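Trainee: give me the fold of what follows.
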Amino acid sequence: MSDRDRDFAEYFAARSTSMRGTAFLLCGDWHRAEDLVQTAFVKLYRVWDRIAERGKLDGYTRQILVRSFLDETRRGFFKRETVTEDPGDHASPSGGSVEDRVVLLRALARVPARQRAALVLRYWEDLSLEETARVMGCSEGTVKSQAARGLVNLRGLLPAPTVTL
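Mentor: Got it, this is the predicted structure:
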């Protein structure tokens, strides 16, 4: 195995799980998330030798992932998500109840793709406005409007909170 292949394999092993989580939040389906991650890493491998700043690999890989998701969504490559009674497999919740997490993921899957991408990058990946705009390939103003619209849509899809005293 060449040094190039070994370096790439190490990076893939270290980061593919995290990228899969991001992809799942974008598309709402673990199988599609795996396909998106595979597509992103294939594209990354093709340009591996041209990447001078290895410290920026995560951002570059995330950018490829999000743009692949948006391209496939635009082209109608995958059918639109539909809400079903069976949420499928999902990651273990890190906080809150399982039911809350399922409700949130179902609602997020119904938010339009660009708005969902803005929400995932800004609030899940905790990217700055500037970083999100670069990853999405748009202006900061577009990120602001997409995130704001996404939050409005997401709130409209979530049940009203109940307060128990």
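
Trainee: buried residues of the helix-or-strand element of the chain with minimal mean pLDDT, list them for me.
Mentor: Here the helix or strand of the chain ranked lowest by mean pLDDT, DSSP states H and E is helix 98-110, holding a mean of 86. Using 16 or more other C-beta atoms under 10 Å as the test for burial, helix 98-110 gives 101, 104-110. C-beta: built from backbone N, CA, C; applies to glycine.

Trainee: distance to residue 61 added to those residues, as JSON lines?
Mentor: Shown next, in JSON lines, are these (distance: C-beta to C-beta, whole Å):
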{"residue": "101", "distance to residue 61": "25"}
{"residue": "104", "distance to residue 61": "25"}
{"residue": "105", "distance to residue 61": "23"}
{"residue": "106", "distance to residue 61": "27"}
{"residue": "107", "distance to residue 61": "27"}
{"residue": "108", "distance to residue 61": "22"}
{"residue": "109", "distance to residue 61": "23"}
{"residue": "110", "distance to residue 61": "27"}
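
Trainee: out of everything not next to it in sequence, what's closest to residue 150?
Mentor: The shortest distance from residue 150 to any non-neighbouring residue, by C-beta to C-beta, 6 or more residues apart in numbering, is to residue 115 (3.2 Å).

Trainee: starting at the chain centroid, how far to stretch 28-43?
Mentor: 10 Å (C-alpha atoms, centre = their mean, to the nearest Å).

Trainee: try stretch 112-125
Mentor: 7 Å.

Trainee: residues touching that stretch, excluding its own?
Mentor: 22, 25-26, 62, 66, 69-70, 73-74, 108-109, 111, 127, 129, 131-132, 135-136, 143, 146-147, 149-151, 153-154 (C-beta atoms under 8 Å, 6 or more residues apart in numbering).
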